[in-house]
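Engineer: this is the structure alone, sequence omitted:
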């Protein structure tokens, strides 16, 4: 049967549902994931040379920036689930990158701090990290990058 001879196709429920969906090119969750992958590609290259995972790098950066912290704060700031962070911190402690100890006032809370080895890892990669950011600024533009960061902060505060 040729196309001309085929009966007119009725739209199924599935077809109607597909047509009602926003195109993936304009869907915010997918756009954010695609943008993240684009930004993370050079970071992953840098990290592959250090032997540190993205999650460990984020954790180190948070602790380095904010000082010794409680695990739940690190999890929130590094966008990690607490059970995952617990496993990551255990490995990082074994690698000598962080220390963990019970809070003197509340023994249930575990405080995490960066070690000299962890600081050295950050220090050794500052130039490469900054170069990645400078390439991003040069390609995207400082004003647009600042605007994007401001918009993303607004989105984080939005009550969805």
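Structural biologist: It's in. Given the structure is predicted, the values throughout are model-derived calculations rather than measurements. Residues are numbered from 1 along each chain as shown.
Engineer: same for the helix or strand harbouring residue 38, what does it pack against?
Structural biologist: Assigning secondary structure by DSSP states H and E places residue 38 in helix 28-48. Using 3 or more Cβ pairs under 8 Å, 6 or more residues apart in numbering; DSSP states H and E as the contact criterion, the elements in contact with helix 28-48 are helix 54-66, helix 116-140. No exception for glycine: its C-beta is placed from N, CA and C like everyone else's.
Engineer: the longest one: which residues count as buried?
Structural biologist: Same thing as helix 116-140. The neighbour-count check on helix 116-140 (16 or more other Cβ atoms under 10 Å) flags 118, 121-122, 125, 128-129, 132 as buried.
Engineer: relative to helix 116-140, how tilted is the helix holding residue 38?
Structural biologist: For helix 28-48 against helix 116-140, the angle between stretch directions is 130 degrees (axes from the mean of the first three to the mean of the last three Cα atoms, to 10 degrees).
Engineer: hmm, who's touching helix 28-48?
Structural biologist: 24-25, 53-54, 57, 125, 128-129, 132, 135-136 (Cβ atoms under 8 Å, 6 or more residues apart in numbering).
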